[in-house]
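Predicted model and sequence follow; I will ask about them next.
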Amino acid sequence: MSVLIFLDQADGHVRKASLEAACYGASIAAQTGTTAEAIVLGSVTEDLPALGKYGVTKIHTVSNPVLNQLDAQVYTKVIAQAVEATGATVIVFANNFAGKAIAPGLSAHLKAGLVTGAVALPDTSNGFVVKKNVFSGKAFANVAINTAVKIISLNPNSYSLSTVEGAATVTELNVIVDNPKVTATATNKVEGEVPLTEAEIVVSGGRGLKGPENWGLVTDLAKALGAATACSRPVADIGWRPHHEHVGQTGIAIAPNLYIAIGISGAIQHLAGVNRSKTIVVINKDPEAPFFKAADYGIVGDAFEVVPKITEAVKKLKGI
Amino acid sequence: MKILVCISKTPDTTAKIAFTDNNTKFAGDGVQWIINPYDEWYALVRAIELKEAEATTVIHLVTVGGADCDPVIRKALALGGDEAIRINADSHDSYYIASQIAAVAKEGNYDLIFTGKETIDYNGSSIGGMLAELLDLPYLSLASKLDMADGSVKVVREIDGGEETNQATLPVVVSCQKGMAEQRIPNMKGIMGARSKPLKVVEPAAVDALTSISSFDLPPAKAGVKLIPADHPEELVRLLHEEAKVF
């Protein structure tokens, strides 16, 4: 009996969303009187023993380079073998690209109940009930997992990182690795930017900015805040900004600590992608913009005048 | 080529979200039901485009649900499916649904199986991955572009912080998202034609669900917006730093 956390890596480094999953898994282990172990696949450069500070006591590696490429079928079988070898009864993923690709297959493979998009620790007082987002952030469902082995994927930015004293022991796991049936022919990474789903602060612009030439307003503020940038659907559709920046119902759903919306009216489809943000700031010249109803702070005013002043104030505060 | 498109009915994106029976059931009365947008705009429309490019292609639709799903499945047929299969069962959980669809898929020998990337009600994002595992097929999740290339399929997938292009030999399971195709509206010919297209109702296989919903909660209401005068935007920065403590 133990908790097994899947650590998703990019270019050898474990992703922040997975570190959150590690802390979450360590808390479940503490809650259920067991230990938290982790598994990482492929070639890793990360200082793995140091990840013990996130509460995992043991890290299993499978360093076969075939695993540098994520193939859901291959990963599922490797993790299933790790579950058997460790006797894990709770398996935790981050609900990101890797988690969405692997966790459902693993659930079907092990016939282990799965809750995706968890936002809180399980309630183990009566069974094993996990709270998750449903209706695109407009409600929560409390889902009981009724199988002996349980799988949870944790929404990014839903569980805070915390550290303890300690190092993890690292051991190579001996498992069978199948040949992948999927080949990666090209990868196109957005360099030098924080991935939107992992960003703690997001600055977003809408049609109110009038044109792509004005995007300096958004990027300057984002730079001062160390934030990722995003946009509304119309802006991506017109081609002012790339599609991977589109947040909303049909774009990316995010849950940063701070979401600043500039010149976005706040259609219900946009809110569905951002309503899990902890603090929402809306800057819009239209006092009737529906977004103000969902906001924590608002400024009714001209973005072209207001935003540069905010950027200056942030820089002054941070001494940059 | 044979394509299976998995269709789910969901409440309209603007539907009011409320619960009944001591917060254990979604209050569906009076709600407008639609085809889950990811299933319709991206999965189904891309399948139709592939059929337009190669006329011998056959598109089957599958859904799990009661007779109340029929209007939604008829609309999907009006857009362009050739025939539909409804598995006559209440949907218990994603494993139950995926197992039912897998049973149908095994019979049909499909080259491509499409799902939406998630449904907008339960946001599970699980059916495609489970189906792929149950059928022992490659799973290409979160595809934003798909092209056929001589017995194999080439897809662009949105990974965290970028894109990746993958190739795999058919058959495969693909979960579809924005970028795959553009939304279409059914025309009158399609709507008339859909009435005579076959909609087969089959009984479910015996499968145990692995999870169950105990209850729903609504998020606490927002305290209301705190407005800062436009001539003092630095006050916003102070509040974010000292009150909200977000940086």
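Yes, it's here. Numbering: from 1, shown residues only, chains lettered A, B, ... in the order given.

Taking the stretch 51-200 of chain A, what residue is nearest to chain B?
Relative to chain B, the nearest point of the stretch 51-200 of chain A is residue A:104 (2.9 Å; Cβ to the nearest Cβ). Heads up, the C-betas are built off the backbone N, CA and C, glycines and all.

Correct me if wrong: that residue contacts residue A:112.
No. In this structure residue A:104 lies outside contact range of residue A:112 using Cβ atoms under 8 Å: 10.9 Å.

ok, the residue of the stretch 51-200 of chain A closest to chain B - contacts?
A:114, A:116, B:94, B:98, B:125-130, B:133 (Cβ atoms under 8 Å, 6 or more residues apart in numbering or on different chains).

Closest to residue B:84 out of those residues?
Within the contacts of residue A:104, proximity to residue B:84 (Cβ to Cβ) peaks at residue B:127, which comes in at 16.8 Å.

could the contacts of residue A:104 be laid out in TSV, adding secondary structure, pLDDT and distance to residue A:124?
Output for the contacts of residue A:104, formatted as TSV (DSSP: H, G, I helix; E, B strand; the rest coil; pLDDT from 0 to 100; distance: Cβ to Cβ, whole Å):
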residue	secondary structure	pLDDT	distance to residue A:124
A:114	strand	98	17
A:116	strand	98	19
B:94	helix	97	22
B:98	helix	98	27
B:125	coil	97	25
B:126	coil	98	23
B:127	helix	98	28
B:128	helix	98	30
B:129	helix	98	26
B:130	helix	98	25
B:133	helix	98	27
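
Going by neighbour count, which of these comes out on top?
Tallying neighbours with other Cβ atoms under 10 Å in any protein chain shown puts residue B:128 at the head of the contacts of residue A:104, with 33 neighbours.

re the thing from before, possible to save the contacts of residue A:104 as JSON lines with distance to residue A:7?
As requested, the contacts of residue A:104 are exported to JSON lines (distance: Cβ to Cβ, whole Å):
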{"residue": "A:114", "distance to residue A:7": "18"}
{"residue": "A:116", "distance to residue A:7": "18"}
{"residue": "B:94", "distance to residue A:7": "24"}
{"residue": "B:98", "distance to residue A:7": "26"}
{"residue": "B:125", "distance to residue A:7": "20"}
{"residue": "B:126", "distance to residue A:7": "21"}
{"residue": "B:127", "distance to residue A:7": "26"}
{"residue": "B:128", "distance to residue A:7": "23"}
{"residue": "B:129", "distance to residue A:7": "19"}
{"residue": "B:130", "distance to residue A:7": "23"}
{"residue": "B:133", "distance to residue A:7": "21"}
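
which one of those residues sits closest to residue B:27?
residue B:94 (21.9 Å).

In terms of pLDDT, where does the residue of the stretch 201-320 of chain A at minimum distance from chain B sit?
Per Cβ to the nearest Cβ, residue A:301 is where the stretch 201-320 of chain A lies closest to chain B, at 2.8 Å. pLDDT recorded at residue A:301 is 96.

Helices of chain B, residue ranges please.
B:37, B:45-53, B:70-79, B:94-108, B:127-135, B:188-194, B:233-242 (DSSP state H).
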